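1. Let's see this in three dimensions:
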Amino acid sequence: MALFGLFKSKKESLDKGLEKTRENVFSKISRAVVGKSKVDDEVLDNLEEILVTSDVGVDTTLKIIERIESRVSRDKFVSAQELNDILKEEIIALLEENKAGEVEDFDSALNKKPYVMMVVGVNGVGKTTTIGKLAHQFSNAGKKVVVGAADTFRAAAIDQLKVWGERANVPVIAQEMGSDPASVAFDTLESALTQDADVVIIDTAGRLHNKVGLMNELGKIKRVMQKVVEDAPNEILLVLDASTGQNAFEQAKQFTAATEVNALALTKLDGTAKGGVVIGISDQFKIPVKYIGVGEKIEDLQLFDRRAFVESLFMAETAEG
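-> Here you go, the predicted model:
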């Protein structure tokens, strides 16, 4: 079984997790075309407004509208009933172009041992919980995991990771609050090598006090880790709270400027109608969305499947025909 078999999209929890976005936002698309026999300027204007208000983002929305306009022009006549299918196809194509949800790449990358992940993100986005769920699922997949509590500015973060470590039966390397985060990362990698670990997950402090400070701190952690494992970290995972909408865009800007983020996790999709942010962020930052959180249970942290995600967003409309 592939390692990420445990992460594969579970349709029931995905559909339930995206319910608010589907009901509050994407169902508006059906109402926008009621009584219309074809896709005209008014329909496109309404669609543009719906996408922008669903936190897809202005730039990405304009790109989607432009693609639909091109298809309408090329096909001469497109019925309003066809709009959902066209919109689905164009959003899936957009995500595909941005290499969002390349399951095979993620699966094969973990052949590197130890596979070192550095997790970044502001406090409150679900970063520590995401690390705990990852550790649990990797461990269940038969991988030996070591977690490093390098967010040393919050005692709660260290304590929370220790609780997750006990649940997942995974060792957590920690020092006292206020310790040098780079020192914790160094100790974690040394311990991982001693234990012949498969996966190492390093938590980091979620502060955005200023970009320079953040850049220096994350840069130091990387340099110190590379003294132990030459190419560490293999993955820098940015965790964002989808429910914050445009705020998540701003955080992505800050962190991608501060360090070389190469994977994204969008959490709390089950509690928001702003699920469109997944589409916009993947398009604007050209960084693969790797995980989505669609609930509180362990299995509700899913590997992002672009097609399943978009199909779920449009599920109610498809069912209605």
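2. Please make it C-alpha for all contacts and neighbour counts, starting now.
-> Will do.
3. To which secondary structure element type does V278 belong?
-> helix (DSSP: H, G, I helix; E, B strand; the rest coil).
4. Enumerate every residue touching it.
-> 56, 242, 266, 289 (C-alpha atoms under 8 Å, 6 or more residues apart in numbering).
5. for those residues, which one is nearest D41?
-> Of all the contacts of V278, V56 has the smallest distance to D41: 20.0 Å, by C-alpha to C-alpha.
6. can you tell me how far the residue lying closest to Y115 once chain neighbours are set aside sits from Q226?
-> In space, and not counting its chain neighbours, Y115 is closest to V199: 4.8 Å by C-alpha to C-alpha, 6 or more residues apart in numbering. Distance, V199 to Q226, using C-alpha to C-alpha, to the nearest Å: 16 Å.
7. Among those two, which residue is more densely surrounded?
-> V199 (23 against 15; other C-alpha atoms under 10 Å).
8. and that one, what are its bridge partners?
-> Taking DSSP bridges as the rule, V199 bridges to Y115, V145.
9. One more: the one 4 residues further on?
-> Judged by DSSP bridges, the bridge partners of D203 are V119, A149.
10. avg pLDDT for the top helix by length along the chain?
-> Looking across the chain with DSSP state H, the single longest helix is helix 58-75. Averaged over helix 58-75, pLDDT sits at 90.
11. what about the most centrally placed residue in the chain, distance to T259?
-> In the chain, the C-alpha nearest the mean C-alpha coordinate belongs to A265, at 2.1 Å (C-alpha atoms, centre = their mean). For A265, the distance to T259 (C-alpha to C-alpha) stands at 16 Å.
12. all strands of this structure, in order?
-> For the chain, applying DSSP state E gives strands covering 115-120, 145-150, 172-173, 199-204, 235-241, 263-267, 289-293, 301-303.
13. Please identify the most buried of these.
-> Across the strands of the chain, averaging neighbours per residue (mean count of other C-alpha atoms under 10 Å) puts strand 145-150 on top, at a mean of 29.
14. Tell me what angle it forms with strand 115-120.
-> For strand 145-150 against strand 115-120, the angle by axes from the mean of the first three to the mean of the last three C-alpha atoms, to 10 degrees is 30 degrees.
15. Counting neighbours, what do you get for G35?
-> 8.
16. actually K36, not the one I wrote
-> That count, for K36 with other C-alpha under 10 Å as the rule, works out to 14.
17. on that earlier part again, mean pLDDT and distance to G280 added to the strands of the chain, as JSON lines?
-> Putting the strands of the chain into JSON lines (pLDDT from 0 to 100; distance: least, C-alpha to C-alpha, whole Å) gives the following:
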{"stretch": "strand 115-120", "mean pLDDT": "96", "distance to G280": "20"}
{"stretch": "strand 145-150", "mean pLDDT": "97", "distance to G280": "30"}
{"stretch": "strand 172-173", "mean pLDDT": "98", "distance to G280": "35"}
{"stretch": "strand 199-204", "mean pLDDT": "96", "distance to G280": "25"}
{"stretch": "strand 235-241", "mean pLDDT": "96", "distance to G280": "13"}
{"stretch": "strand 263-267", "mean pLDDT": "94", "distance to G280": "12"}
{"stretch": "strand 289-293", "mean pLDDT": "91", "distance to G280": "11"}
{"stretch": "strand 301-303", "mean pLDDT": "88", "distance to G280": "18"}
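18. Let me know which of the ones you listed is the nearest to A248.
-> Of these, the one closest to A248 (C-alpha to C-alpha) turns out to be strand 235-241, at 5.9 Å.
19. Tell me how far F314 lies from L47.
-> 14 Å.
20. Sorry, wrong one. I was asking about L214.
-> L214 is 39 Å from L47, by C-alpha to C-alpha.
21. neighbour count winner among the two?
-> Per other C-alpha under 10 Å, whichever of L214 and L47 has more neighbours is L47, with 23 against 20.
22. For that one, give me its contacts.
-> Residues in contact with L47 (C-alpha under 8 Å, 6+ apart) are 29, 32, 65.
23. Which of the residues you listed are buried, as a ChimeraX select command?
-> Filtering the contacts of L47 down to the buried ones (16 or more other C-alpha atoms under 10 Å) takes a single ChimeraX command:
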select :29,32,65
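24. so where's the stretch 51-200 of the chain uncertain?
-> Scanning the stretch 51-200 of the chain for pLDDT under 70 picks out 76-77, 80, 99-109.
25. Quick check: which of the strands of the chain is nearest to Q81?
-> Here strand 289-293 is closest among the strands of the chain (C-alpha to C-alpha), at 29.9 Å.
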